[in-house]
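# Give me the fold of what follows.
(one chain, ligands or ions: 1)
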Amino acid sequence: MRDWVRRPAIIAEGLVKRYGTVTAVDQVSFEAAPGTVLGLLGGNGAGKTTTIAMLLGLLIPDSGRITVLGHDMATDRFAALARMNFSSPYVSLPHRLSVRENLTVYGHLYGVRGLSRRIARLAEELELGPFLDRPAGQLSAGQKTRAALAKALINTPEVLLLDEPTASLDPDTADRVRGWLERYRDETGATVVLASHNMAEVERLCSDVVMLKHGRVVDRGAPAALIGRYGRQDLEQVFLDIARGTGVAAGGGS
Ligand SMILES: Nc1ncnc2c1ncn2[C@@H]1O[C@H](COP(=O)(O)OP(=O)(O)OP(=O)(O)O)[C@@H](O)[C@H]1O
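Residues are numbered from 1 along each chain as shown. Next up, the predicted model:
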């Protein structure tokens, strides 16, 4: 295999972001290998959304460096952005446009070929049919989340950043969306960064996780390795140990 094939899809090195006196992200580094799902975990205010916003180039780090698909996001971000996409509960689709119109606008922005077919496929897989022609502003929270996921997938991104993608979905829909994300990753080889508070979801989808606390990386590893190191049954218990400072991890930390 050639070197460029093995190169991490995402490299974050020493990221720092301050909002006034708050250091939201403090010397955070990680890598995501191509075709993997990296979980960004941490309690409320740990710095997950800020990190994702920096990966997207929406926020400029105060220091540190981000490379996505070989492109330095400080100097060459547009080449990478065309091959990326994201969904976030903090970014709504334009309210007055229908879901179909939204997907059409974003599809054109990304230069998607065969756009009608792509929209039809996403509508089928994410079950958008019943509200495809309704204004995005009139949807329920769960319907908005699915529409936002469709927008995030419109350009078949190689790097997909998902901030709490199943937070407002009912358990059945959330499970189906997870299955769909797994298939998407398997079929396309996309690299995914997933910020989530759902530890069962993270265990299922992520090959690696980065645990953040107060903007710093406090542990990292494969879910099974972390569970083993903390002597726990599942990632939820590991999360609680880290959040409350009660866990004793063997040979861990960073
Ligand atoms: N625009 C902003 N101005 C000032 N402080 C901010 C801003 N955005 C985030 N912060 C602060 O930065 C820190 C990290 O916030 P961030 O939203 O990245 O956390 P998070 O891990 O995504 O949290 P949550 O799980 O609650 O969504 C928090 O202390 C937050 O209050």
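# Specify the local secondary structure of the residue nearest to residue 31 when sequence neighbours are not counted.
Closest residue to residue 31 in three dimensions, ignoring its sequence neighbours and counting by Cβ to Cβ, 6 or more residues apart in numbering: residue 8, at 4.0 Å. Every residue, glycine included, has its C-beta placed from N, CA and C. The three-state label given to residue 8 by DSSP: H, G, I helix; E, B strand; the rest coil is coil.
# touching the ligand at all, stretch 78-88?
No - Stretch 78-88 does not reach the ligand (Cβ under 6 Å from any ligand atom); its nearest approach is 9.6 Å.
# Could you work out the end-to-end span of that stretch for me?
Criterion Cα to Cα, to the nearest Å; first-to-last residue distance in stretch 78-88 is 20 Å.
# got the contact list for it?
Stretch 78-88 has contacts (Cβ atoms under 8 Å, 6 or more residues apart in numbering) with 49, 52, 56-57, 68-69, 71, 73, 110-111, 145, 148-149, 151-155, 157-165.
# are any of the residues you listed buried, and which?
By neighbour count, with 16 or more other Cβ atoms under 10 Å, these hold 49, 52, 56-57, 68-69, 71, 73, 110, 145, 148-149, 151-155, 157-165 as buried.
# Around the ligand, pick out the residues from the stretch 1-150 of the chain.
Neighbours of the ligand within the stretch 1-150 of the chain, by Cβ under 6 Å from any ligand atom: 19, 22, 24, 42, 44, 45, 46, 47, 48, 49, 50.
# what number of residues lie near the residue nearest to residue 43 when sequence neighbours are not counted?
Spatial nearest neighbour of residue 43, excluding adjacent residues (Cβ to Cβ, 6+ apart): residue 243 at 5.2 Å. By other Cβ atoms under 10 Å, the residues close to residue 243 number 17.
# Then residue 243 would be within a strand, right?
No - read with three-state DSSP, residue 243 is helix and lies in no strand.
# quick revisit: may I have the residues that are in contact with the residue nearest to residue 31?
31, 32, 33, 34, 67.
# could you redo the last one with a cut-off of 7 Å?
Applying Cβ atoms under 7 Å, 6 or more residues apart in numbering to residue 8 gives the contacts 31, 32, 33.
# what do you get for residue 74?
Shown in contact with residue 74 (Cβ under 7 Å, 6+ apart): residue 65.
# Swap in 10 Å and give it another go.
By Cβ atoms under 10 Å, 6 or more residues apart in numbering, the contact set of residue 74 is 57, 60, 61, 64, 65, 66, 67.
# ok, back up a step: the contacts of stretch 78-88 in strands, which ones?
68, 71, 159, 160, 161, 162, 163 (DSSP state E).
# what's the farthest-apart pair in these?
The most widely separated members of the ones in strands among the contacts of stretch 78-88 are 71 and 163, with 21.4 Å between them, by Cβ to Cβ.
# I figured residue 23 was touching residue 47, is that so?
Yes - using Cβ atoms under 10 Å, residue 23 is in contact with residue 47, at 8.7 Å.
# Could you check which of the two is surrounded by more residues?
residue 47 (26 against 16).
# Test my guess that that one contacts residue 215.
Yes - assessed by Cβ under 10 Å, residue 47 is found in contact with residue 215 at 4.2 Å.
# Can you list the low-confidence ranges for this structure?
1-5, 247-254 (pLDDT under 70).
# How are the helices of it distributed by residue range?
Per DSSP state H, the chain carries helices over the ranges 3-6, 48-55, 77-81, 99-109, 115-125, 141-153, 171-188, 199-205, 223-229, 235-244.
# Bridged to residue 25, which residues?
Counting by DSSP bridges, residue 25 forms beta bridges with residue 17.
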